[in-house]
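> A predicted structure for the sequence below; I have some questions about it.
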Amino acid sequence: MSDLSGEPVVSIRNLCKTYVSKERQGLFQSRQRVIQALKDIHLDIYPGEILGLLGPNGAGKTTLIKCLTTLLIPTSGSIHVNGYDAAHDENGVRASIGCMLMGERGLYWKLTGRENLDYFGALYHLSPGTRRQRTQDLIERLKLDDIADRAVETYSSGQKMKLAFARSLINAAPLLVLDEPTNTLDVPSARELRAIVRDLNCQGHAVLYTTHQMVEAEELCQRVAIIDRGQVLALDTVSELKSSLRQDGVIRVEGVIPPNAYAAVRRLEHVREAALTSAADRAELRVVTRQPRLLLPELIRALFDNGAVIEDISPAQVTLEDVFVALTGRTLAEDTRAA
């Protein structure tokens, strides 16, 4: 467990990132459009801490990580990693970070898995002997023995993701940055990866773990930062974030819920927030309320009167997604990228 009173491995202050793009209006006219991807971010990550970065697509997670890893230059603000200032010592920052940012896309597909690991080890100026030893250790640890000497282009998506994870560990950096690392992995492989992350955490490594999966965040992270539309809306332990809804209840409804029924629910007096997730012909509605007993009959009536078909309705345990719903009025499944 990390000591939050100690010196942070990562210190981010007043971080902003603004993009300016041109939108065409007709054949010969255009106008500038300003997109504020990050807005005044403050964040610390401590030795031995796994900090989860939780938010939907378009929230600013990847932009934040790219600024942290020196792939993007911030518009304003400061970033310090392992004592190095990202604005003045990019090489020091890069040497302090092991990162898995683009998954399988960051690999050389014509090289074997072993050659990839050796190559990236060389980029970190590891000696040939150290590279060979760490490469073999990682191949064994991630159970890549059967494919290590095959060209990466022959790997499955899951195998490429495991190799990309191994690549992020080759330099044994004090900070590990993982951007959706279990994406495309099967359940056993994802479980193994999380176990390795926990082990590295116990050894003192700091981890920034980006995910939109609540289960992963709750299982791994000592603290979670909820980010949306470029802002950190909440930052605390998982238990404290859930406790922020201690006076609220959550009602879950499954069935066919048309837009007008959802709109009617949101107008009900005792509804604090509500969010709808649709998949094919089935939808899930989660309603946050401080008066679940008073709300329930009104909720059922509003749904029926507006053409909804209720297949299941029940109280639900508070999750990190409910915290996100209470903060934003949307679910993590909603894509908030600028159109």
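Structure's in. What do you need?

> buried residues in the helix or strand that contains residue 215?
Element membership for residue 215, per DSSP states H and E: helix 214-220. Buried residues in helix 214-220, counted by 16 or more other Cβ atoms under 10 Å: 214, 216-218, 220. Backbone N, C-alpha and C define where each C-beta goes, glycine included.

> likewise for stretch 227-242?
For stretch 227-242, a neighbour-count test (16+ other Cβ under 10 Å) marks 227-230, 232-235, 238, 241-242 as buried.

> with stretch 46-57 instead?
For stretch 46-57, using 16+ other Cβ under 10 Å, the buried residues are 46-56.

> is residue 189 in a helix, a strand, or coil?
Classification of residue 189 by DSSP: H, G, I helix; E, B strand; the rest coil places it in helix.

> quick check: it touching residue 160?
No. Taking Cβ atoms under 8 Å as the definition, residue 189 is not a contact partner of residue 160, at 11.5 Å.

> who has more neighbours, these two?
Using other Cβ atoms under 10 Å as the criterion, residue 189 and residue 160 rank with residue 160 on top: 22 against 18.

> what's the per-residue pLDDT of that one here?
Per-residue pLDDT puts residue 160 at 93.

> got a list of contacts for whatever helix or strand it lives in?
Per DSSP H and E, residue 160 falls inside helix 157-169. Residues from elsewhere that reach helix 157-169 (Cβ atoms under 8 Å, 6 or more residues apart in numbering): 98-100, 102-104, 106-107, 113, 116-117, 120, 134, 138-139, 141-144, 147, 152, 155, 176-178, 181-186, 189, 193, 196, 200.

> any idea how far that helix is from the chain center?
17 Å (Cα atoms, centre = their mean, to the nearest Å).

> okay, buried residues for that helix please.
Residues of helix 157-169 classed as buried by neighbour count (16+ other Cβ under 10 Å): 158-169.

> and those, which is closest to residue 78?
Using Cβ to Cβ, residue 168 comes nearest to residue 78 of the buried residues of helix 157-169, at 24.6 Å.

> for the closest one, give its distance to residue 253.
Residue 168 sits 41 Å away from residue 253, going by Cβ to Cβ, to the nearest Å.

> then residue 143?
Applying Cβ to Cβ to residue 143 and residue 253 gives a distance of 42 Å.

> when those two are compared, which one has more neighbours?
residue 253 (24 against 11).

> quick one: that one and residue 106, what's the gap?
42 Å.

> ok, of the buried residues of helix 214-220, which one's closest to residue 72?
residue 217 (24.1 Å).

> so where's the protein shaky on pLDDT?
Along the chain, the parts satisfying pLDDT under 70 run over 1-5, 27-28, 102-104, 280, 335-339.

> picking up where we left off before, filter the buried residues of stretch 46-57 down to the ones in strands?
Using DSSP state E, 50-54 are the members of the buried residues of stretch 46-57 that sit in strands.

> in a markdown table, list the residues you listed along with distance to residue 274.
Output for these, formatted as a markdown table (distance: Cβ to Cβ, whole Å):
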| residue | distance to residue 274 |
| --- | --- |
| 50 | 31 |
| 51 | 29 |
| 52 | 25 |
| 53 | 25 |
| 54 | 20 |
